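Colleague: Dropping a prediction and its sequence here:
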Amino acid sequence: MSASKSASKSASMSEGRASARRPVPERPAAILVVDDHPIVLQGVRRLAEAAGVGTVYEAADIVSGYRLFHRHRPDLVVADLSFRDDGLSGLSLIRRIRALDGEARILVFSMHADPVLVSRALESGALGFALKDAGPDAFLEALDAVHTGQGYLPHALATDVAMLNRSARPAPLATLSARELQILSLLSQGKSYEAIANAMAVSYRTIINASSSMRRKLGVESRAGLVQIAVNRRNALL
């Protein structure tokens, strides 16, 4: 055997041994995926099962998602933030799950690379934030990080969130709470205050007070001005 072939074979064997020694992440035994897009549910299920996740529970709305979490207590929750009829109700789902289980590990899986939303999701109790267009490897990296109790943010998003939080004069939308962002999202869908109160399971007065607070923070004097900001924001996120 020539020296070059021998060296090549030796290098190949070394790579094989290194690969064999590389630890395989311990995947969660069970996860819950909450998303209102059937294709996303199917895709995450296939990816998770192929990666070694034992059980994948699925929910298409936040009520079902909360009930499944309450019943099964999966190791990890993968949740979107935006739902068709409930705006940013994923934020309230995160808060409800963390109120039920302070150790719950939640990964947000969203198409919106908005540092304000990311910041509010983390404040609500999410441990990581992954983007839907980032690819399977990035999703599994996020899944593994959150499962082991580490935070996860794509580098660019982490930088944007850090800049947002360090700014001496934050953007007006950055001053809104998670609840206020959800109300703003529902306003962009043309919902009345009464409909928003019903969707969020809070009192009408709570929505009125939150809207007044938002008008002060955003510098608008009327509901119409608030709705215009809400619509502009929704269009920017599409």
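Modeller: Everything's here; your move. Numbers count the residues shown, from 1 in each chain.

Colleague: Would you tell me what the next helix or strand after the worst-scoring helix or strand of the chain on mean pLDDT is?
Modeller: Scoring the helices and strands of the chain by mean pLDDT, DSSP states H and E places helix 3-21 at the bottom, with a mean of 43. Per DSSP states H and E, the first helix or strand lying C-terminal to helix 3-21 is strand 30-34.

Colleague: how about that next one: buried residues?
Modeller: I31, L32, V33, V34 (16 or more other C-beta atoms under 10 Å). The way it works is simple: take the backbone N, C-alpha and C, and place the C-beta from them, glycine included.

Colleague: just the strands in the protein please.
Modeller: Using DSSP state E, the strands of the chain run over 30-34, 55-59, 76-79, 106-110, 128-131.

Colleague: Kindly reformat those as TSV containing mean pLDDT.
Modeller: Formatted as TSV, the strands of the chain follow (pLDDT from 0 to 100):
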stretch	mean pLDDT
strand 30-34	98
strand 55-59	97
strand 76-79	98
strand 106-110	96
strand 128-131	96
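
Colleague: A99 is nearest to which of the ones you listed?
Modeller: Checking the strands of the chain against A99 by C-beta to C-beta gives strand 106-110 as the closest, at 12.2 Å.

Colleague: Endpoints of stretch 195-211, how far apart?
Modeller: End-to-end distance for stretch 195-211: 14 Å, by C-alpha to C-alpha, to the nearest Å.

Colleague: quick one: contacts of that stretch?
Modeller: Contact with stretch 195-211 is made by 85-87, 89, 92, 179-180, 182-183, 186-187, 191, 193-194, 223, 226, as judged by C-beta atoms under 8 Å, 6 or more residues apart in numbering.

Colleague: what's near enough to touch the most centrally placed residue in the chain?
Modeller: The chain has V108 as the residue nearest its centroid, 1.8 Å off, counting by C-alpha atoms, centre = their mean. By C-beta under 8 Å, 6+ apart, the contact set of V108 is A79, D80, L81, G90, I94, V118, A121, A126, G128, F129, A130.

Colleague: quick revisit: quick one: the strands of the chain as a markdown table, columns for distance to V44 too.
Modeller: A markdown table is the format used below for the strands of the chain (distance: least, C-beta to C-beta, whole Å):
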| stretch | distance to V44 |
| --- | --- |
| strand 30-34 | 5 |
| strand 55-59 | 7 |
| strand 76-79 | 6 |
| strand 106-110 | 7 |
| strand 128-131 | 11 |
